[in-house]
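**Student:** Could you work out the structure for the sequence below:
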Amino acid sequence: YDGKCVFCRIARREEPGTTLLPCEDEDFVCFRDIKPGAPHHYLVVPVKHMGNCKTLKTEHIPLVKRMMEVGKAVLQKNNFNDLNDVRMGFHWPPFCSIPHLHLHVLAPASQLGFFSRLYYRINSYWFIT
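**Tutor:** Prediction:
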């Protein structure tokens, strides 16, 4: 836990302005992005503080897969079922604003606006899927 990290505080329910979405995995929290790039834009965040995506190693593959499953489940709970029209990924440093691992879940990807298509561009220099 890092008391200076806003995502750590959100995970511990210390940020009353952030509404947590129902999440079936107690190791993660999920909430809406404050600057949504799509009609459905959620962040899946590990409760335990982790560095950004640059710190991920091979042993973290199961963690990332679980984050993706949580993201899909949250989409479905929010009545979005076309899982072929979803974009998920991480902003690569220095393009991530919070230094706590968080997966962006955006849907429908086909409705991303011009800037969102750039900002969340698949496997770009700044966003990895």
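**Student:** How about the secondary structure of residue 122?
**Tutor:** When classified by DSSP: H, G, I helix; E, B strand; the rest coil, residue 122 comes out as coil.
**Student:** Only the buried residues of stretch 108-117, if you could.
**Tutor:** 108-109, 112, 116 (16 or more other CB atoms under 10 Å). Glycine gets a C-beta too; all of them are placed from N, C-alpha and C.
**Student:** Likewise for stretch 7-15?
**Tutor:** 7-11.
**Student:** before we move on, what about stretch 92-101?
**Tutor:** For stretch 92-101, using 16+ other CB under 10 Å, the buried residues are 92, 96, 99-101.
**Student:** Just the C-alphas of stretch 112-121, formatted as CSV.
**Tutor:** Backbone C-alpha positions of stretch 112-121 (Å, rounded to 0.1, in the frame of the first residue of the first chain) are rendered in CSV as follows:
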residue,chain,number,x,y,z
LEU,A,112,-13.7,5.6,-30.2
GLY,A,113,-13.5,9.2,-31.2
PHE,A,114,-10.6,10.7,-33.2
PHE,A,115,-8.4,11.5,-30.3
SER,A,116,-9.3,8.3,-28.4
ARG,A,117,-8.3,6.3,-31.5
LEU,A,118,-4.9,7.9,-31.3
TYR,A,119,-4.5,7.8,-27.5
TYR,A,120,-5.6,4.1,-27.3
ARG,A,121,-4.0,3.0,-30.6
